[in-house]
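here are the coordinates; sequence isn't available:
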């Protein structure tokens, strides 16, 4: 599975004839420093694609460590009183809570706005 993920992240390189070629993966630093909330540009959008018609509120654009993202996701889930998850650099909140989440993020000092239709 890890080999498959590495293959997908090569950004267009398919094959090299050079004997000494070694691809440098642009892996994100897991200890990346979290940017201050005032400098974060978070986008809050509603998604229901490939979710059996169920609505999910997505928050993306967070710059920082995975641990801080999980902490923010946990806080938003508890304030909305619903479930959700944090994966692939996005926070997923079950249901349509765009307005409530924007209020919460703005109160915490984040720059947040609605995205999508």
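Sure, I can see it. Keep in mind the model is a prediction, meaning the values are calculated, not measured. Numbering: from 1, shown residues only.

when you work out contacts or count neighbours from here on, use the C-alpha atoms and nothing else.
Will do.

just the buried residues of the strand or helix carrying residue 99, please?
Taking DSSP states H and E as the criterion, residue 99 maps to helix 98-107. Neighbour counts over helix 98-107 (16 or more other CA atoms under 10 Å) mark 98, 101, 102, 104, 105 as buried.

contacts for it?
44, 45, 46, 57, 76, 80, 111, 112, 113, 114 (CA atoms under 8 Å, 6 or more residues apart in numbering).

what subset of the residues you listed is buried?
Looks like the contacts of helix 98-107 have 44, 45, 46, 57, 76, 111, 112, 113 buried, using 16+ other CA under 10 Å.

just flag the most distant two among those residues.
Greatest spacing in the buried ones among the contacts of helix 98-107, by CA to CA: 46 and 111 (17.6 Å).

can you show me the helices along this structure?
Secondary structure of the chain, counting by DSSP state H: helices at 2-8, 66-80, 98-107.

make a markdown table out of these and add distance to residue 35.
Compiled in a markdown table, the helices of the chain are given as follows (distance: least, CA to CA, whole Å):
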| stretch | distance to residue 35 |
| --- | --- |
| helix 2-8 | 27 |
| helix 66-80 | 10 |
| helix 98-107 | 14 |
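
need those in TSV with distance to residue 50 and mean pLDDT, can you?
Output for the helices of the chain, formatted as TSV (distance: least, CA to CA, whole Å; pLDDT from 0 to 100):
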stretch	distance to residue 50	mean pLDDT
helix 2-8	21	50
helix 66-80	21	93
helix 98-107	19	93
